[in-house]
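**Student:** Okay, structure incoming, though there's no sequence with it:
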């Protein structure tokens, strides 16, 4: 039967419509995927804003229960947080600026002394000793020219301004969410069917409790690290040990990255006095951050968040691999939300399995037998 028959004439429009639908569906999916990838960073920022709003809402709610209006309570909490960080900046930034200026001024002398020290230590390694620069002139000739440095700074201006604008926008979202959370929570509940809204409310409450526990664990770990850093820096004779200890405490509030950033000022201050002392301080911070981050902190968070340490480390690994530093920063709060919603929407409706523990013990026994 050729295409000129009535049957053929009826088949072609159907195939044409099917092809058009498939083409439109594919194009729509591509646009959706592109849009999702384009706004992924914004979604991570919004999630971080939600986490910060939840954390700051805890003391606001406490003050409200004591009879204070929400607006005044929000102003007290946000003002206190802003004042603490402003005080920290006032204490730290002038010291860092003065030490950096001193370091730049004394850089030729410090570098010459460091080269001479390395040359003496490598006296039994002639090949390595010859590889060292013979004088400061050769060393500074290989350093970037001032124009190159200024050009690099100029190229960095736009990304830095973008980061600053993003941070300011993030803070604005957090402030509005803390002051007026009710419309946002009603919008959140409206995303669920009426029959599921009670579960959604319970899951959010559980996740919020764990997020507040996450912040408590950060404060506890920060206090431990600040005490250890302050004691070590005082022992090493680094000026401003108390200030750098306070910086270490607040550095823990920025997961993974903050503790290493907090190590930079005391290392610079120590380097201005003695490069060997700076090396010891850098090693101390590195060891402390790794031990606390991989061994102590997960156990503390397991008790304050009711999360298994392996779960938090796995989430940090996955989110860090997928989204880099921003992913690692929100990984632990994300684990709290995943656990809360999984338990409420999946495990809550399941019947109680009385033999579950026996099955777990049997699984462990078989692993032991296999070993």
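**Tutor:** Received the coordinates, thanks. The shown structure was predicted, so the numbers you read here are calculated from the model rather than taken from an experiment.
**Student:** Only C-alpha atoms from now on, for both contacts and neighbour counts.
**Tutor:** Noted.
**Student:** Next one: the spatially most central residue of the chain from residue 66, what distance?
**Tutor:** Nearest to the centroid of the C-alpha atoms of the chain, with distances taken as C-alpha atoms, centre = their mean, sits residue 329, at 1.8 Å. As for residue 329, its distance to residue 66 is 33 Å (criterion: C-alpha to C-alpha, to the nearest Å).
**Student:** now do residue 291
**Tutor:** Between residue 291 and residue 66 the computed distance is 40 Å (C-alpha to C-alpha).
**Student:** Those two: which is more packed in?
**Tutor:** Each of residue 291 and residue 66 has its neighbours counted (other C-alpha atoms under 10 Å); residue 291 has more, 12 against 9.
**Student:** The residue nearest to the centre of the chain against residue 253, yeah?
**Tutor:** No - between residue 329 and residue 253 there is no contact, the gap being 9.7 Å when judged by C-alpha atoms under 8 Å.
**Student:** okay, and the common contacts of these two?
**Tutor:** For the pair residue 329 and residue 253, no residue contacts each of them under the criterion C-alpha atoms under 8 Å, 6 or more residues apart in numbering.
**Student:** all strands in the stretch 151-300 of the chain, in order from the N-terminus.
**Tutor:** Taking DSSP state E, counting those that start in this stretch as the test, none of the stretch 151-300 of the chain falls into strands.
**Student:** Give me the below-cutoff pLDDT ranges for it.
**Tutor:** Along the stretch 151-300 of the chain, segments meeting pLDDT under 70 span 151-158, 255-256.
**Student:** same thing but at 90, please
**Tutor:** Counting by pLDDT under 90, the low-confidence segments of the stretch 151-300 of the chain come to 151-171, 194-196, 214-219, 222, 234, 236-279, 289-300.
**Student:** ok, which stretches of it are helices?
**Tutor:** Per DSSP state H, counting those that start in this stretch, the stretch 151-300 of the chain has helices spanning 182-190, 197-236, 241-251, 258-273, 275-291, 297-305. These are given in chain order.
**Student:** buried sites along the fifth one?
**Tutor:** Spelled out, that is helix 275-291. Counting neighbours by 16 or more other C-alpha atoms under 10 Å, one finds that the buried residues in helix 275-291 are 275, 277-278, 281-282, 284-285, 289.
**Student:** For that helix, which helices and strands make contact with it?
**Tutor:** helix 197-236, helix 258-273 (3 or more C-alpha pairs under 8 Å, 6 or more residues apart in numbering; DSSP states H and E).
**Student:** any chance of the ones you listed in TSV, plus mean neighbour count?
**Tutor:** Rendered in TSV, the data for these read as follows (neighbours: other C-alpha atoms under 10 Å):
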stretch	mean neighbour count
helix 197-236	19
helix 258-273	20
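**Student:** looking at those, which is closest to residue 87?
**Tutor:** The closest approach between residue 87 and any of the helices and strands packed on helix 275-291, judged by C-alpha to C-alpha, belongs to helix 258-273 at 15.8 Å.
**Student:** which among the buried residues of helix 275-291 gets closest to residue 19?
**Tutor:** Using C-alpha to C-alpha, residue 289 comes nearest to residue 19 of the buried residues of helix 275-291, at 57.9 Å.
**Student:** ok, the spatially closest residue to the closest one that is not a sequence neighbour - contacts?
**Tutor:** Using C-alpha to C-alpha, 6 or more residues apart in numbering and skipping the chain neighbours, the partner closest in space to residue 289 is residue 259 (6.6 Å). With C-alpha under 8 Å, 6+ apart as the criterion, the residues that contact residue 259 are 248, 251-252, 289.
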